[in-house]
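S.K.: could you look at this predicted model? Sequence included:
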Amino acid sequence: MGEMTDGEATVLSLIERMQPITAYQIRKVLAASPTTNISNSTGKIYPIIERLKADGLIAATAVEGDARGAERLTCTEQGR
């Protein structure tokens, strides 16, 4: 991975602190935050999560029984 964006670093740090966490939970935390450096929209969060997964910084496991395909996100060793 090249240099991280502020959004990627913010999401990665949230995952590290609150793991396991879902993308929906990340969006809720960001919505409640007074920080405005990252949008909590699905169009921002989900692509960030996909990049972090592709770079091996986070791992995802399916939430059993969730028909929407929710995933629990955790940091990998590399992500820490």
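M.R.: Alright, I've got the coordinates. This structure is a prediction, so every number in the text was calculated from the model and none was measured. Numbering: from 1, shown residues only.
S.K.: for this protein, give me the ranges with low pLDDT.
M.R.: Residue ranges of the chain with pLDDT under 70: 1, 36.
S.K.: strands along that one, start to end?
M.R.: For the chain, strands defined by DSSP state E occupy the ranges 58-62, 71-75.
S.K.: and the last one, what other elements does it pack with?
M.R.: On a contact count with 3 or more C-beta pairs under 8 Å, 6 or more residues apart in numbering; DSSP states H and E, strand 71-75 meets helix 6-18, helix 23-32, strand 58-62. Using the backbone N, CA and C atoms, a C-beta is placed for each residue, glycine as well.
S.K.: and the longest one, how far out from the chain's middle?
M.R.: From the chain centre to the centre of helix 6-18 is a distance of 6 Å (C-alpha atoms, centre = their mean, to the nearest Å).
S.K.: okay, that helix in CSV with CA atoms only?
M.R.: Backbone C-alpha positions of helix 6-18 (Å, rounded to 0.1, in the frame of the first residue of the first chain) are rendered in CSV as follows:
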residue,chain,number,x,y,z
ASP,A,6,-6.9,10.4,6.3
GLY,A,7,-10.1,8.4,5.8
GLU,A,8,-8.3,5.1,5.5
ALA,A,9,-6.2,5.8,8.6
THR,A,10,-9.4,6.9,10.6
VAL,A,11,-11.3,3.7,9.6
LEU,A,12,-8.3,1.5,10.3
SER,A,13,-7.8,3.0,13.8
LEU,A,14,-11.5,2.6,14.5
ILE,A,15,-11.3,-1.1,13.6
GLU,A,16,-8.2,-1.6,15.7
ARG,A,17,-9.9,0.1,18.7
MET,A,18,-13.3,-1.5,18.4
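S.K.: begin at 44, not 1, for the rest of this chat.
M.R.: Noted, 44 is the first residue going forward, which turns the last one into helix 49-61.
S.K.: angle of it against strand 101-105?
M.R.: 60 degrees (axes from the mean of the first three to the mean of the last three C-alpha atoms, to 10 degrees).
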